[in-house]
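J.: need a structure here:
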Amino acid sequence: MGITKLADLIRWEAPGAISHKHLGDYTGKVIAVDTSIMLNQFRTATPSLSPLTGLFFRTLTLLEHDIKPVFVFDGKPPGEKLAALQKRAEAAGWHSPNHLGTASLQTKDAFHLLKLLGVPVIQAPGDAEAFCAWLVKRGTAEAVASEDMDTLPFGAHVLIRQLNAKRDSDIVEYSLPKLLEVLQLTHVEFVDLCILLGCDYCDKITGFGPKRALTLIQQYRTIEDVVLHINRKTHPVPNNWKYKEARKLFLDASQTDLPEVTWSEPDEGALVEFLRRTTYAKENRVRHRIEKFREMRETKRKKREKERAARQYSQTRVDDFFKVLRKRAQPVEAADCGSSKKKRKTK
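T.: Numbering: from 1, shown residues only. Modelled structure (predicted):
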């Protein structure tokens, strides 16, 4: 999934593009969430529980930090991705991949749950991570939350991984502008690097490790020129290699009209009824979590207001201090000038 060993390459060659954050660092920010990735995390971590339960708790944790999530679901995958989807389906024991992008019953339930929680939900025209990246590029969101590294070649300026919403969590943030600066690549050259590393949309040239792929792109700048300068016996180029189609997908990802993005208060009554019916959650547990969410959100807001007021007060004291110094400095200078003139006349 995503770009093969891209995270390793960034850690080795551009560690300055990585920063470690806490959940509170994203307070007040709009985060585009790759929802399918999040649901898969819940399925893996707690297979005995419905992922809807994890989605309910995770979303409330984000909201109580005054983070504004926009949840994006996958649409119909591009044709170039079908081979990768087929391999994953076989590995998982499925008969065939979901090549039409039709939503499962659980996905529809997740869609409905998020609406009851009062957060915006968007069905992407294609891959969710591509649409999330577009939301960042157009300024609707400030970062993408996904484990999928191909969010970066799609053009997301900020990628957040490990958004596990725990107090002691160490969230990993990747900065695309810093990454390009350190690697001395343009975004187009970075896309070619990701294709050489291996992506979901085409085969790759065999025999290249991540560092070798980076060196080749830094030296020759395009896949076309790389192919001209490699030993094609030891590094055979795939037949009918669709790297150009993959490049176009990354650079010109399909877009759609953006629906209105608004947030509202969770519908407590509807949430209780829905979760009781779909996950058999106990009513008191659901109501207790919603009550805790409201209390925590209010506590955090009051704390931020106090901190903001303290900063403003401190800044006012500093400004007033320098104003007093400037006022005192003026007559002293005048006195000095006068005394020096008198001394010159006496002489």
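J.: wait, residue 279 sits on residue 51?
T.: No: in this structure, residue 279 is not within contact of residue 51 by Cβ atoms under 8 Å, at 9.3 Å. For glycine as for every other residue, the C-beta is placed from the backbone atoms N, C-alpha and C.
J.: When those two are compared, which one has more neighbours?
T.: The residue with more neighbours, out of residue 279 and residue 51, is residue 51; 23 against 18, by other Cβ atoms under 10 Å.
J.: Contacts only, for the more buried one.
T.: By Cβ atoms under 8 Å, 6 or more residues apart in numbering, residue 51 lies in contact with 39, 42, 43, 106, 110.
J.: want to throw those residues into CSV with pLDDT and neighbour count?
T.: What follows is the contacts of residue 51, written out as CSV (pLDDT from 0 to 100; neighbours: other Cβ atoms under 10 Å):
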residue, pLDDT, neighbour count
39, 93, 18
42, 91, 19
43, 89, 14
106, 89, 14
110, 97, 26
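J.: can you map out the helices along this structure?
T.: Ranges of helices in the chain, per DSSP state H, are 6-13, 35-45, 51-64, 82-92, 105-116, 128-137, 176-183, 187-197, 210-220, 223-228, 243-251, 268-279, 283-346.
J.: which of those helices has the lowest average pLDDT?
T.: If the helices of the chain are sorted by mean pLDDT, helix 82-92 sits at the bottom with a mean of 67.
J.: Out of the helices of the chain, indicate the one that is most buried.
T.: Ranked by mean neighbour count, the helices of the chain are led by helix 128-137 with a mean of 26 (mean count of other Cβ atoms under 10 Å).
J.: Pull the residues that contact it.
T.: With Cβ under 8 Å, 6+ apart as the test, helix 128-137 has contacts from 32-37, 70, 72-75, 122, 124-125, 141-144, 146, 148, 150-151, 154-158, 249, 253-256, 258.
J.: do that again at 7 Å, thanks
T.: Residues outside helix 128-137 that contact it (Cβ atoms under 7 Å, 6 or more residues apart in numbering) are 32, 34-36, 70, 72-74, 122, 124-125, 141-144, 146, 148, 150-151, 154-158, 253, 255.
J.: Would you write a PyMOL line that selects the buried entries of these?
T.: Buried subset of those, written as a PyMOL selection, criterion 16 or more other Cβ atoms under 10 Å:
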select buried, resi 32+34+35+36+70+72+73+74+122+124+125+141+142+143+144+146+148+150+151+154+155+156+157+158+253
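J.: Any idea what the closest residue to residue 25 other than its chain neighbours is bridged to?
T.: Counting by Cβ to Cβ, 6 or more residues apart in numbering, residue 171 is the residue found nearest to residue 25 once chain neighbours are left out, at 7.7 Å. With DSSP bridges as the criterion, residue 171 is bridged to residue 21.
J.: Same check on residue 175?
T.: In beta-bridge terms (that is, DSSP bridges), residue 175 pairs with residue 158.
J.: Go ahead and confirm it touches residue 158.
T.: Yes: counting by Cβ atoms under 7 Å, residue 175 touches residue 158, with 6.2 Å between them.
J.: what residue is smack in the middle of the protein?
T.: Among the residues of the chain, the one closest to the centroid is residue 144, at 2.1 Å (Cα atoms, centre = their mean).
J.: what sits against residue 190?
T.: Residue 190 neighbours (Cβ under 7 Å, 6+ apart): 153, 180.
J.: check contacts around residue 265.
T.: Here residue 265 is in contact with residue 118 (Cβ under 7 Å, 6+ apart).
J.: mind listing what's buried in stretch 162-179?
T.: Neighbour-count burial for stretch 162-179 flags 162, 163, 165, 171, 172, 173, 174, 175, 176, 178, 179 (criterion: 16+ other Cβ under 10 Å).
J.: how about a markdown table for those residues, with distance to residue 287 added?
T.: Formatted as a markdown table, these follow (distance: Cβ to Cβ, whole Å):
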| residue | distance to residue 287 |
| --- | --- |
| 162 | 30 |
| 163 | 26 |
| 165 | 20 |
| 171 | 29 |
| 172 | 34 |
| 173 | 34 |
| 174 | 38 |
| 175 | 40 |
| 176 | 42 |
| 178 | 44 |
| 179 | 45 |
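J.: CA atoms of stretch 241-255 as PDB?
T.: Only the C-alpha atoms of stretch 241-255 are listed here, as PDB (Å, rounded to 0.1, in the frame of the first residue of the first chain):
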ATOM      1  CA  TRP A 241       5.300   0.000 -18.400                       C
ATOM      2  CA  LYS A 242       2.500   2.500 -17.600                       C
ATOM      3  CA  TYR A 243       4.600   4.900 -15.600                       C
ATOM      4  CA  LYS A 244       3.300   7.900 -17.600                       C
ATOM      5  CA  GLU A 245      -0.300   7.000 -16.600                       C
ATOM      6  CA  ALA A 246       0.800   6.700 -12.900                       C
ATOM      7  CA  ARG A 247       2.600  10.100 -13.200                       C
ATOM      8  CA  LYS A 248      -0.500  11.700 -14.500                       C
ATOM      9  CA  LEU A 249      -2.700  10.200 -11.700                       C
ATOM     10  CA  PHE A 250      -0.400  11.700  -9.100                       C
ATOM     11  CA  LEU A 251      -0.100  15.100 -10.700                       C
ATOM     12  CA  ASP A 252      -3.700  15.500 -12.100                       C
ATOM     13  CA  ALA A 253      -5.800  13.500  -9.600                       C
ATOM     14  CA  SER A 254      -9.500  13.700 -10.500                       C
ATOM     15  CA  GLN A 255     -11.400  16.400  -8.500                       C
END
